[in-house]
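Engineer: Quick check, what structure comes out for this input:
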Amino acid sequence: MICEDPPRFATGAASTSPRPVRGENGAVPLYRDEAVVLRTQKLGEADRIVTLLTRRHGRVRAVAKGVRRTASRFGARVEPFSHVDLQLHEGRSLDVVTQAETIEPYGERIANDYGRYTAGTAVLETAERLTVEEREPSIRLYLLVVGALRALAEGAHTPSLVLDAFILRAMAVAGYAPALDGCSRCGEPGPHRFFAVAAGGVVCAEHRPAGAVTVSVAATDVLGALLDGDWPVADAAETKVQREVSGIVAAYLQWHLERGLRSLRLVERA
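Structural biologist: Residues are numbered from 1 along each chain as shown. Alright, predicted model coming up:
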C-alpha cells in the first residue's frame with residue numbers, strides 16, 4: 001500500500017494550490033507552484049535550464065536567467081535538491097523562472113555526505129525518468145520526492161534504505177508495485193523463495209521463470225516494510241539483508257525503465 005502522507009518520510013506540511021497571476025489583458029502568463037529541482041544544465045554564459053518536479057504542474061523545464069552570475073538574486077535557490085516556491089512565466093518551449101523562494105535547502109545537508117548525496121542523486125534521476133510526459137501532474141510522486149529528501153537530509157534512516165523505499169513507492173505510484181504476498185503468476189499465497197523482475201514480484205517454485213533469483217524470507221519482509229513505510233522492521237534488517245534488498249530493487253527499477261540509471265552505480269550500499 002502506498003501512502004501519500006508525507007510524514008511517512010517526515011516531509012513538511014502541504015501548501016495551498018498555486019496562485020495564477022493575471023495580466024492586464026486577462027491572460028495568465030504567470031503561475032506559482034512548489035517544486036523540487038531535479039537537474040540543471042548550463043545555457044549560454046549566465047543562464048541555466050532547470051528541470052523541476054512541481055506539485056501541481058508535473059515535470060517542468062524552465063530557464064533561470066543570470067543564475068550563474070555571482071550577483072544573482074536566486075542562483076543558489078535553484079540548485080538540485082532544493083525545495084522551492086517559484087513564480088514562472090509560461091513560454092512556448094521553456095518557461096522562465098521570475099521569482100524563487102527557498103522552502104527547504106536540502107542540498108546543504110545532503111551534499112556533505114557521500115552516502116546521502118549518491119542516494120539523493122538517484123532519487124532525483126528516478127523521479128525524472130518516471131515522469132515521462134512534461135506537465136503531467138503527479139502530486140503523489142512529488143510528495144515522495146520531498147519526503148525522501150527530507151529523510152536523507154535529517155539522517156533518519158540508512159541512505160540506501162531511503163532510496164529503496166522511494167523507488168518501491170514511486171514504482172507503485174507508476175503502476176508497477178511488486179507482488180510480495182503471493183505468487184505474481186498464480187496468486188498462491190507466500191512466502192515464496194524466488195523473485196522474478198519480469199514477472200512482477202515473487203513467484204512460486206512451480207511458476208519460477210528463467211532468470212528468477214532466490215530471495216530470503218527476511219528480504220521479502222523488508223521489501224514489504226519499505227513499501228508500507230514500516231521503518232522499525234526496515235531499520236532492524238541486517239546489513240546482508242539490506243544489500244539483498246537493494247539488489248532486487250535496483251534490478252526491478254531498471255527492468256521497467258528499460259535502461260539503467262547512471263546514478264545507481266555510485267550509490268553507497270549498506
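Engineer: ok, residue 243 - how many residues close by?
Structural biologist: Using other C-beta atoms under 10 Å, residue 243 has 15 neighbouring residues. Heads up, the C-betas are built off the backbone N, CA and C, glycines and all.
Engineer: my bad, residue 159
Structural biologist: Using other C-beta under 10 Å: residue 159 sits among 27 other residues.
Engineer: For the nearest residue to it once chain neighbours are set aside, give me its contacts.
Structural biologist: The shortest distance from residue 159 to any non-neighbouring residue, by C-beta to C-beta, 6 or more residues apart in numbering, is to residue 119 (3.8 Å). Residues near residue 119 by C-beta atoms under 8 Å, 6 or more residues apart in numbering: 152, 159-160, 162-163, 267-268.
Engineer: 7 Å instead?
Structural biologist: 152, 159-160, 162-163, 267 (C-beta atoms under 7 Å, 6 or more residues apart in numbering).
Engineer: cool, residue 153 as well?
Structural biologist: Applying C-beta under 7 Å, 6+ apart, the residues near residue 153 are 106, 109-110.
Engineer: Need the pLDDT of it.
Structural biologist: pLDDT, residue 153: 97.
Engineer: by contact count, what packs against the longest strand along the chain?
Structural biologist: Longest among the strand segments of the chain by residue count, using DSSP state E, is strand 30-43. Strand 30-43 sits against strand 47-54, strand 82-89, helix 114-130, helix 139-154, with contacts defined as 3 or more C-beta pairs under 7 Å, 6 or more residues apart in numbering; DSSP states H and E.
Engineer: With distance to residue 234 as extra columns, can I get these in JSON lines?
Structural biologist: Converted to JSON lines, these look like this (distance: least, C-beta to C-beta, whole Å):
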{"stretch": "strand 47-54", "distance to residue 234": "25"}
{"stretch": "strand 82-89", "distance to residue 234": "24"}
{"stretch": "helix 114-130", "distance to residue 234": "14"}
{"stretch": "helix 139-154", "distance to residue 234": "12"}
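Engineer: so which of those gets nearest residue 255?
Structural biologist: If you check each of the helices and strands packed on strand 30-43 against residue 255 by C-beta to C-beta, helix 114-130 wins as the nearest, at 12.9 Å.
Engineer: I'd like the distance from that closest one to the chain centre, please.
Structural biologist: Remark: helix 114-130 is offset 7 Å from the chain centroid, using C-alpha atoms, centre = their mean, to the nearest Å.
Engineer: ok, and for it, which residues are buried?
Structural biologist: Buried residues in helix 114-130, counted by 16 or more other C-beta atoms under 10 Å: 115-130.
Engineer: Same question for stretch 180-198.
Structural biologist: 180, 182-185, 190, 192-197.
Engineer: Let me know the angle separating the longest helix seen in the chain from helix 114-130.
Structural biologist: With secondary structure taken from DSSP state H, the chain has its longest helix at helix 239-257. With axes from the mean of the first three to the mean of the last three C-alpha atoms, to 10 degrees as the basis, helix 239-257 and helix 114-130 are set at 20 degrees to each other.
Engineer: Tell me what residue 54 is bridged to.
Structural biologist: Counting by DSSP bridges, residue 54 is bridged to residue 35, residue 58.
Engineer: quick one: it and residue 33 touch, right?
Structural biologist: Yes: using C-beta atoms under 7 Å, residue 54 is in contact with residue 33, at 4.4 Å.
Engineer: between the two, who's got more neighbours?
Structural biologist: Between residue 54 and residue 33, residue 54 has the larger neighbour count (other C-beta under 10 Å), namely 24 against 21.
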